[in-house]
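Novice: Any chance you could fold what I've pasted below:
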Amino acid sequence: MATTRENKGTRAFNKTIKAYLEERAENDALFAVKFANPSKSVEECVTYILNSVQKSGCNGFEDDEIFGMATHYYDEEEIEVGKPINCQVVVNHTVELTEEEKEQARQDAIAKLRDEEMAKMRKPIQPKKTTDNRTQVEQPSLFDF
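Specialist: Next up is the predicted model:
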């Protein structure tokens, strides 16, 4: 089964959908039965949502609209999921980074700064161009006579 291209936004989107569905299953016994359907998966649910969003032509949705699509995917026995879409998803929730991700981002920033400073040091010093402030002597024109 193929999934969408993995990036932080897409991973956050998948986690958000999964968390919503799990919470809904905990609080709704009828939905829990549908959520436990072995022929359904969160990955396919996300593919269904992305295809529905693409078909709509809209770029932004309320949380309830997206969660409604997720619920609809599980409610319907036979539903056309569509093909996996290679896209980036923007989630308007705060994305929590793990300590490892934070440390990696810190190390990447330090390395980038170090590389920029080294490039500045290696760059040859260019002499400043001096501008001539001499006043130009105006040549008389033949027509001035």
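Novice: and Val90, what helix or strand is that in?
Specialist: Taking DSSP states H and E as the definition, Val90 sits outside all helices and strands.
Novice: Use 49 as the first number from now on
Specialist: Yes, from this point I'll number from 49; that puts the last item at Val138.
Novice: number of nearby residues for it?
Specialist: 10 (other Cβ atoms under 10 Å). The C-beta positions use only the backbone N, C-alpha and C, and glycine is treated the same way.
Novice: For it, what are phi and psi?
Specialist: In this entry, Val138 is assigned phi and psi values of phi -100, psi 120 (degrees, to the nearest 10).
Novice: measure it to Phe109 for me?
Specialist: 11 Å (Cβ to Cβ, to the nearest Å).
Novice: Not counting its neighbours along the chain, what's nearest Asn85?
Specialist: Tyr122 (6.9 Å; Cβ to Cβ, 6 or more residues apart in numbering).
Novice: CA atoms of the longest helix along the chain as CSV?
Specialist: Of all segments of type helix in the chain, defined using DSSP state H, the longest is helix 147-170. Output in CSV follows, covering the C-alpha atoms of helix 147-170 (Å, rounded to 0.1, in the frame of the first residue of the first chain):
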residue,chain,number,x,y,z
GLU,A,147,14.2,15.8,21.5
GLU,A,148,16.2,14.1,18.8
GLU,A,149,14.6,16.3,16.1
LYS,A,150,15.3,19.4,18.2
GLU,A,151,18.9,18.4,18.7
GLN,A,152,19.3,17.6,15.0
ALA,A,153,17.8,21.0,14.0
ARG,A,154,20.2,22.7,16.4
GLN,A,155,23.2,20.9,15.0
ASP,A,156,22.0,21.7,11.4
ALA,A,157,21.7,25.4,12.3
ILE,A,158,25.2,25.4,13.9
ALA,A,159,26.7,23.7,10.9
LYS,A,160,25.0,26.2,8.5
LEU,A,161,26.3,29.2,10.5
ARG,A,162,29.8,27.7,10.6
ASP,A,163,29.8,27.1,6.9
GLU,A,164,28.6,30.7,6.2
GLU,A,165,31.3,32.2,8.4
MET,A,166,34.0,30.0,6.8
ALA,A,167,32.8,31.1,3.4
LYS,A,168,33.1,34.8,4.5
MET,A,169,36.6,34.2,5.8
ARG,A,170,37.7,32.4,2.6
